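Asker: could you look at this predicted model? Sequence included:
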Amino acid sequence: MAASEQTVEESDGFTVDAFHRGDFHLVQPSRRGHRAGTDAMMLAAAVPGSFRGRLADLGAGAGAAGLAVASRCPDANVVLIENAPEMADFARRSLALPENTGLASRGSVLEADVQLADGDRRAAGLADFSFDWAIMNPPFNRPGDRASPDALRRYAHVMNDHNVFDSWLRTAGWIVKPGGGVAVIARPESLQPILAGMHPYFGAQEVKALHPRSDKAATRIIVRAIRGSNRPLSILPPLFLHAEGSDRFTAEADDINNGRASLFGD
């Protein structure tokens, strides 16, 4: 999807980018690894605006989605959980930026593998029922897809096994408290494995499709759900990102992308 940041500084190997119209900034690699954009902002917007509590950003990269939640929800505390040391370092540098002074005290970085088994997961700092929400943007490109030659970017984008949603959602199912929430962004073709991975832990699933335009098929879905709920699945009205014949965001998409509104209207 289109990028949503504005670069305010560029140096050798990294940029500093403003999100939410300057409400927070991100240090991220300029030529290697994953660069955050609209996907991260839409994922963050799946968290209700009234959220207060502790949130896990699983596979946080440089921290864009988690920091976007902290920017929009003043009572949120976020833990940016990232396994790649280089990306975890970018997340720490993001928290240390002077522009992020207002939210840095509500953020921290944890280097851990989201796919660890139970005992190892707890030992890594991901204790059972220790979070009120979890958000995730797992690697959802298939191994057979055209992949980047950059290993760090490939690590962020390409599934390392076909059970990636099952393992990531299993972790979310253990670390999120009963009544807490989860949200995941992926391609539409991943809906079935996402729902299957959520089934043992999460109910009340809500599916939101993101379409480039009203005449185009969805390129992303966001699924959110509640830990322990028995309410059935809901398919919600889609979000169209751009008006026909324009590359500009619609007013609704622009507000959501810039932290002025929730993707699910709450």
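Answerer: Here it is on my side, so go on. Numbering: from 1, shown residues only.
Asker: quick one: the helices in the protein?
Answerer: Remark: helices assigned in the chain by DSSP state H are 38-44, 64-72, 85-95, 101-104, 118-123, 151-157, 164-175, 191-198, 251-257.
Asker: now those as TSV including mean pLDDT, mean neighbour count and distance to I226?
Answerer: For the C-beta atoms, the positions are set from N, CA and C on the backbone; glycine is no exception. Listed next are those as TSV, based on pLDDT from 0 to 100; neighbours: other CB atoms under 10 Å; distance: least, CB to CB, whole Å:
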stretch	mean pLDDT	mean neighbour count	distance to I226
helix 38-44	97	26	17
helix 64-72	98	28	17
helix 85-95	95	20	27
helix 101-104	95	15	26
helix 118-123	95	13	22
helix 151-157	47	17	28
helix 164-175	96	22	12
helix 191-198	96	18	10
helix 251-257	97	18	21
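Asker: quick one: closest of those to L233.
Answerer: Closest to L233 of the helices of the chain, according to CB to CB: helix 191-198, at 7.3 Å.
Asker: the closest one versus helix 164-175: what angle between them?
Answerer: 30 degrees (axes from the mean of the first three to the mean of the last three CA atoms, to 10 degrees).
Asker: in CSV: the helices of the chain, plus distance to T7.
Answerer: As requested, the helices of the chain are exported to CSV (distance: least, CB to CB, whole Å):
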stretch, distance to T7
helix 38-44, 15
helix 64-72, 14
helix 85-95, 14
helix 101-104, 20
helix 118-123, 36
helix 151-157, 18
helix 164-175, 30
helix 191-198, 32
helix 251-257, 16
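Asker: these: which one's closest to T219?
Answerer: Here helix 38-44 is closest among the helices of the chain (CB to CB), at 9.8 Å.
Asker: so which of the helices of the chain is nearest H20?
Answerer: That would be, of the helices of the chain and by CB to CB, helix 64-72, which comes in at 5.1 Å.
Asker: output the closest one as PDB, restricted to C-alpha atoms.
Answerer: The C-alpha trace of helix 64-72 is given here as PDB (Å, rounded to 0.1, in the frame of the first residue of the first chain):
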ATOM      1  CA  ALA A  64       5.300   2.300  13.600                       C
ATOM      2  CA  ALA A  65       2.100   0.500  14.500                       C
ATOM      3  CA  GLY A  66       2.700   0.400  18.200                       C
ATOM      4  CA  LEU A  67       3.800   4.100  18.300                       C
ATOM      5  CA  ALA A  68       0.700   5.000  16.300                       C
ATOM      6  CA  VAL A  69      -1.500   3.400  19.000                       C
ATOM      7  CA  ALA A  70       0.400   5.400  21.700                       C
ATOM      8  CA  SER A  71       0.000   8.600  19.600                       C
ATOM      9  CA  ARG A  72      -3.800   8.100  19.300                       C
END
